[in-house]
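Novice: How does the following fold in three dimensions:
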Amino acid sequence: MSVRYEGGRNIAMKVPPHQYEATVAFYRDTLGLEQLCGHEPAVGFVFGSNQLWIDKAPAASQAEIWLEVVTRDKDAAAAHLEGAGVVRCDEIEPLGPSFRGFWISSPSSIIHLVDEKQTAW
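Specialist: Coordinates of the predicted model:
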């Protein structure tokens, strides 16, 4: 395989509105994780070497975890994943026209952001 992937540092937790405040308080107050500043209205926390983002998801009935996967070549990754029959789901959340990435779903319905970034390899 010529396309390489590695885990990105961003984890998104999509939380229904009725659980949002309690979820943020759990990570902030109960666990005492360091809150990331300067990203308001987004709420994020230092989560080891990762960043955990808590997003209010009005249409959600239960929480979901979304993961980031990074690659050096978005277009090659898109072709590789399409060839492997991976479901692409760009309608899940707008990324903007200049963003070099797209959304996919794993076979178990975990959403992944495939994001083009310069990597160590």
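
Novice: now Ala77, what's its secondary structure?
Specialist: What DSSP: H, G, I helix; E, B strand; the rest coil gives for Ala77 is helix.

Novice: what's the answer for the one 3 residues further on, then?
Specialist: His80 carries the three-state label helix when classified by three-state DSSP.

Novice: can you count the residues close to it?
Specialist: Neighbours of His80 under the rule other CB atoms under 10 Å: 17. For glycine as for every other residue, the C-beta is placed from the backbone atoms N, C-alpha and C.

Novice: How about it: what's its closest non-neighbour residue?
Specialist: Nearest non-adjacent residue to His80, counting by CB to CB, 6 or more residues apart in numbering: Val3, 4.4 Å away.

Novice: What residues does that neighbour make contact with?
Specialist: By CB atoms under 8 Å, 6 or more residues apart in numbering, the contact list for Val3 reads Thr71, Asp73, Ala76, Ala77, His80.

Novice: what's the nearest residue to the first one once chain neighbours are set aside in contact with, if anything?
Specialist: Of all residues not flanking Thr71 in the chain, Ala77 sits nearest, at 4.4 Å (CB to CB, 6+ apart). Counting by CB under 8 Å, 6+ apart, Ala77 makes contact with Val3, Tyr5, Thr71, Val114, Glu116.

Novice: Go again with 7 Å.
Specialist: By CB atoms under 7 Å, 6 or more residues apart in numbering, Ala77 lies in contact with Val3, Thr71, Val114.

Novice: in the sheet, who's paired with the second one?
Specialist: In this case it means Thr71. Taking DSSP bridges as the rule, Thr71 bridges to Glu116.

Novice: how close does it sit to Arg100?
Specialist: Separation of Thr71 from Arg100 (CB to CB, to the nearest Å) stands at 10 Å.
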